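Sequence and predicted structure below; questions after.
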Amino acid sequence: MTPEQIAYVKNELIKGVAAETVQETLRQNGYSEQSIQEIFVAAASELATTTPAALTPKKESNVVKILLIILGVVGAIIVSLVILVSASLNSARDLANDASDKMSLNNMRSQAEIYHSTNDSSYEGFCESRQAVSLLSTVEQPGCVADVEQYRVSASLLTGEHYCVDSTGVTDVVLMQPAGLSCQ
């Protein structure tokens, strides 16, 4: 039995490796059962005289601390990028919804003209027609008024403004929901 063999067993036990595992490793390296027992007795006696401070694991090195700081910074950057991309996607979604609403209202102009030509040259009742109700159901806060000679259709946009289409050919974005038969 050599001091190196005793140091090996002692270090393995300090690391937390099971005694059976250390014994099996020694067996695989050709040690006899008697030699293994002698080495373990010597290692145990040295461990018994070792101070508890020597058995505690060493403190983390500065390298580990620096790596943790770097990982934290990288994580914060990734979170910031995710937030920015998410905000951009929400903005793009809002723009797409507004464009869809505008397209629906522009289609209302065609429907109003068809209604006008098939109802004795009158827009009266257009807002209650099947075509108008169907298109208005797809927009936010729709507004529709019509009389014999003119109509106005509008909807709220996600920007807070209102999109307006009327029988005079005006298509406009206005700040407030129009009250009369014209967008202006």
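Now that the structure is in, tell me what you want to look at.

Run a quick neighbour tally on residue 85.
The number of residues packed around residue 85, counting by other C-beta atoms under 10 Å, is 10. From N, CA and C alone the C-beta is placed, and that goes for glycine too.

Please apply the same query to residue 45.
Other residues within reach of residue 45, judged by other C-beta under 10 Å, total 11.

Name the SS class of it, please.
helix (DSSP: H, G, I helix; E, B strand; the rest coil).

Run a quick neighbour tally on residue 110.
Number of residues near residue 110 (other C-beta under 10 Å) recorded here: 11.

Which other helices and strands does the helix or strand hosting residue 11 contact?
Residue 11 is part of helix 3-15 when elements are defined by DSSP states H and E. Here helix 3-15 is seen to pack against helix 19-28, helix 33-49 when contacts are counted using 3 or more C-beta pairs under 8 Å, 6 or more residues apart in numbering; DSSP states H and E.

what's the distance between residue 30 and residue 2?
14 Å (C-beta to C-beta, to the nearest Å).

that older thread, quick one: closest of the helices and strands packed on helix 3-15 to residue 177.
Shortest distance between residue 177 and the helices and strands packed on helix 3-15, using C-beta to C-beta, is found for helix 19-28: 79.3 Å.

Could you dump the helices and strands packed on helix 3-15 into CSV and include distance to residue 173 and mean pLDDT?
Formatted as CSV, the entries for those read as follows, by distance: least, C-beta to C-beta, whole Å; pLDDT from 0 to 100:
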stretch, distance to residue 173, mean pLDDT
helix 19-28, 77, 86
helix 33-49, 83, 80
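
Out of those helices, the one nearest residue 82 is which?
Nearest to residue 82 among these is helix 19-28 (44.7 Å), distances taken as C-beta to C-beta.

In this protein, what residue spans correspond to strands?
143-146, 151-156, 162-166, 171-174 (DSSP state E).
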